[in-house]
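Q: when you get a sec, could you give me coordinates for this:
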Amino acid sequence: MRLVHHCLIEAGQRFPDKTAVVCDEKKLSYAEFLGKMNALSIMLGDSGVGKGDRALILLGDKADFLVASYAVIARGTIAVPVLEGAALVTIEQIAQDCTPDILITSSQDLADYPLLLDRL
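A: Predicted coordinates:
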């Protein structure tokens, strides 16, 4: 079965220097995008995250969000995206419903939710 990340990898092999992602002011080539995606996918695996696990993704940076989403999909993990600016109660409800195995976020995004780690 061919999945969406396979298309991205194929395009990256054919056009590594071409722009893959443009988000706000940030541009990533296929090579850069795939490098970040693979690095995060390996880190997830090293953390014990695998097929069928759930990853709650809370990232305001759109390029980082895309990288994380594809890294999660590439591992066979279920991506649970959280909309930027979501209320803490909404994130808590999502987490309660999906029982994530991992939270993918940044220190900057986590600063917006100082009580989140205590509540998950």
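Q: residue contacts, the residue nearest to Asp24 when sequence neighbours are not counted?
A: Sequence neighbours aside, Lys62 is the residue nearest to Asp24 in space, at 6.5 Å (criterion: C-beta to C-beta, 6 or more residues apart in numbering). C-beta here means a position set from N, CA and C on the backbone, and glycine is covered the same way. Applying C-beta atoms under 8 Å, 6 or more residues apart in numbering to Lys62 gives the contacts Cys23, Asp24, Lys26.
Q: any idea how far Cys7 is from the residue of the chain most remote from its centre?
A: For the chain, the largest distance from the centre (C-alpha atoms, centre = their mean) belongs to Arg14, which lies 23.7 Å off. Here the distance between Arg14 and Cys7 works out to 11 Å (C-beta to C-beta, to the nearest Å).
Q: hmm, back to that, nearest to Gly35 among the contacts of Lys62?
A: Here the nearest of those to Gly35, counting by C-beta to C-beta, is Lys26; it sits at 14.7 Å.
Q: next, count neighbours for the closest one.
A: 11 (other C-beta atoms under 10 Å).
Q: what pLDDT does the residue nearest to it when sequence neighbours are not counted get?
A: With C-beta to C-beta, 6+ apart as the criterion, Lys26 has its nearest non-adjacent residue at 4.6 Å, and that residue is Ala63. At Ala63, the model reports a pLDDT of 94.
Q: what's the helix or strand for Ala63?
A: Assigned by DSSP states H and E, Ala63 falls within helix 62-75.
Q: tell me the strands beside the following helix or strand past that helix, with direction?
A: Per DSSP H and E, the first helix or strand lying C-terminal to helix 62-75 is strand 78-81. Sheet pairing for strand 78-81, assigned by DSSP bridges, gives strand 54-58 (parallel).
Q: quick check: mean pLDDT of the strand it pairs with?
A: Averaged across strand 54-58, pLDDT comes to 95.
Q: ok, Asp109 touching Leu58?
A: Yes - contact status for Asp109 versus Leu58: in contact at 5.5 Å, counting by C-beta atoms under 8 Å.
Q: ok so Gln93 is a helix residue?
A: Yes - for Gln93, which was evaluated using DSSP: H, G, I helix; E, B strand; the rest coil, the result is membership in a helix.
Q: right, I'll call it a day here.
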